[in-house]
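Chemist: Predicted structure and sequence below. I'll ask about it afterward.
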Amino acid sequence: MNSLLQPALLACLVTSVLIVFILLVRQGLRRLAGASIAYQLWGILPLSLIAMLFPHRQYLDMTTAHGAPPDQVISSMALLDIAPASIWPTMLVSVWAIGGIGMLVLFGMQHQRFLRRMGTLIKCEGFYLTSDNDIGPALTGFFKPKIIVPADFFERYSAAEQALIIRHELVHQGRGDVIANTVCALMQCLFWFNPLMFIAARCFRLDQELACDALVITQDPQARRTYAEAMLKTQLSITPSALACHWPSRHPLKERIMQLQHSKPGLFKRSVSYLMLSGLCAASAYSAWAVTPSSVVLTQAAQKQEAIKAGVDSYLVNTDISVGGETLSPTVMVEQGKQATIGLTSKKQQSKWEISFTLLPAPAGKYKDAVVIAMKVEKDGALVAEPKLITGLNQTATLQKETPDKQLDFDIKMKVNLVKKPE
């Protein structure tokens, strides 16, 4: 659970910082370069989260990092103190998962109510009439988006207003805004406990509509008054959906109408703003990636040097060792056939642990790319376990033991990589 909780909290922290930043600059950016670029600024959030998923490796030169033999790097360290076990990580992850599933179900139910309110759809030229006067205009459908309009569409709006409304929804469709809304809803499910995410979602939907309005008016600058009248005539939907593009009741209508008066920024301002946006996206993605925990990997030069020193094949062993509920992840380089030892203590158990292991190639005739781990686990000097495991290279081997009261006594995971000696 700890391995899941830490990246989740880190992702929450990163998104919170980015949301505060976007909220601070979006209005100024809109005045400087227009509503479209302010809307695109929200792309920083999913881009940064995706960047955090990419592997982050720390390339270490073991030959310059220490002077001790590689198989004694860990065993020469002082005993490590392990904090007492806690049920809080498990409880927090469970609550997070339940809340996320609950939000997903809630959004799904809202969207289903929205679809049911549409009733039987009547197909017209490029759009669909609903059976309800209070549903639409909107764009719905992830794979096959449909423009839907209220049942009294032809009676309520003039021909010019109808054309502007359809053009508005076509802009949503062309930009893939339904997909963007779906990503926004999924992020709300992931970070349901973060109030900043819901503030961000409301501002995101407003910026989406403002950007759409700006593009429609750019195509027909003389239609500002007609477009504003169409907005005022629209009966805002009382059954909102987090996935569809519609004109929900929470949109500040006054702000949208006032935004129609703004003219399109000049080419220079837009060019500078897009350069700034590209830089912000790159910097945010890199920063999010850089703060993720790194895994230690030997460089090729370091592997070669270690193999030369050893004169035989060696193994790079990444470990995850849990004692008393807390996990440590030391990395050790050990020669084939030699013993490495990891020593640690647990405050909760008031005990000292020693984990020794020796690695040898598995019989080639029976196993391919595998290694034999001869392990010895001692607690306060007494032998607890002495297993012999066979695992594939770059695969995880696990050893666990429970106490008589069914509590986890220890949990040892090892992933072994071969470092071959030079020919």
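Modeler: Nice, I can see it. Numbering: from 1, shown residues only.
Chemist: quick one: contacts of stretch 400-413?
Modeler: Judged by Cβ atoms under 8 Å, 6 or more residues apart in numbering, the contacts made with stretch 400-413 from elsewhere in the structure are 319-323, 325, 327, 353, 355, 375, 377, 384-385, 396-399. All C-beta spots, glycine's among them, are computed from the backbone N, C-alpha and C.
Chemist: If we use 7 Å, what do you get?
Modeler: Defining contact as Cβ atoms under 7 Å, 6 or more residues apart in numbering, one finds that stretch 400-413 is touched by Thr319, Asp320, Ile321, Ser322, Val323, Ile355, Val377, Val384, Ala385, Thr396, Thr398, Leu399.
Chemist: how far does that stretch stretch from start to finish?
Modeler: 9 Å (Cα to Cα, to the nearest Å).
Chemist: Check stretch 212-231 too.
Modeler: Distance across stretch 212-231, first residue to last, is 13 Å (Cα to Cα).
Chemist: tell me which residues of that stretch are tucked away?
Modeler: By neighbour count, with 16 or more other Cβ atoms under 10 Å as the criterion, the buried positions of stretch 212-231 are 212-217, 223-224, 227-231.
Chemist: Select, from those residues, the two members most distant in space.
Modeler: Comparing every pair within those by Cβ to Cβ identifies Leu215 and Glu229 as the most remote, at 18.9 Å.
Chemist: ok so, going back, which of the contacts of stretch 400-413 has the weakest pLDDT?
Modeler: pLDDT across those is at its lowest for Val323, which sits at 78.
Chemist: isn't that residue right up against Ile355?
Modeler: No: the pair Val323 and Ile355 fails to qualify as a contact (Cβ atoms under 7 Å) at a distance of 9.4 Å.
Chemist: Point me to the residue sitting farthest from the middle of this structure.
Modeler: Glu155 (46.4 Å; Cα atoms, centre = their mean).
Chemist: what about that one, which helix or strand?
Modeler: helix 153-156 (DSSP states H and E).
Chemist: which residues are contacting that helix?
Modeler: Leu129, Pro150, Gln162, Lys233.
Chemist: Buried ones in it, by neighbour count?
Modeler: Buried residues in helix 153-156, counting neighbours by 16+ other Cβ under 10 Å, are found at Phe153, Arg156.
Chemist: so how far is that helix off the chain centroid?
Modeler: Centre-to-centre, helix 153-156 and its host chain are 44 Å apart (Cα atoms, centre = their mean, to the nearest Å).
Chemist: ok, now stretch 401-415?
Modeler: Computed by Cα atoms, centre = their mean, the separation of stretch 401-415 from the middle of its chain amounts to 30 Å.
Chemist: Assumed Ser356 was part of a strand.
Modeler: Yes: assignment of Ser356 by DSSP: H, G, I helix; E, B strand; the rest coil places it within a strand.
Chemist: Done for today, thanks.
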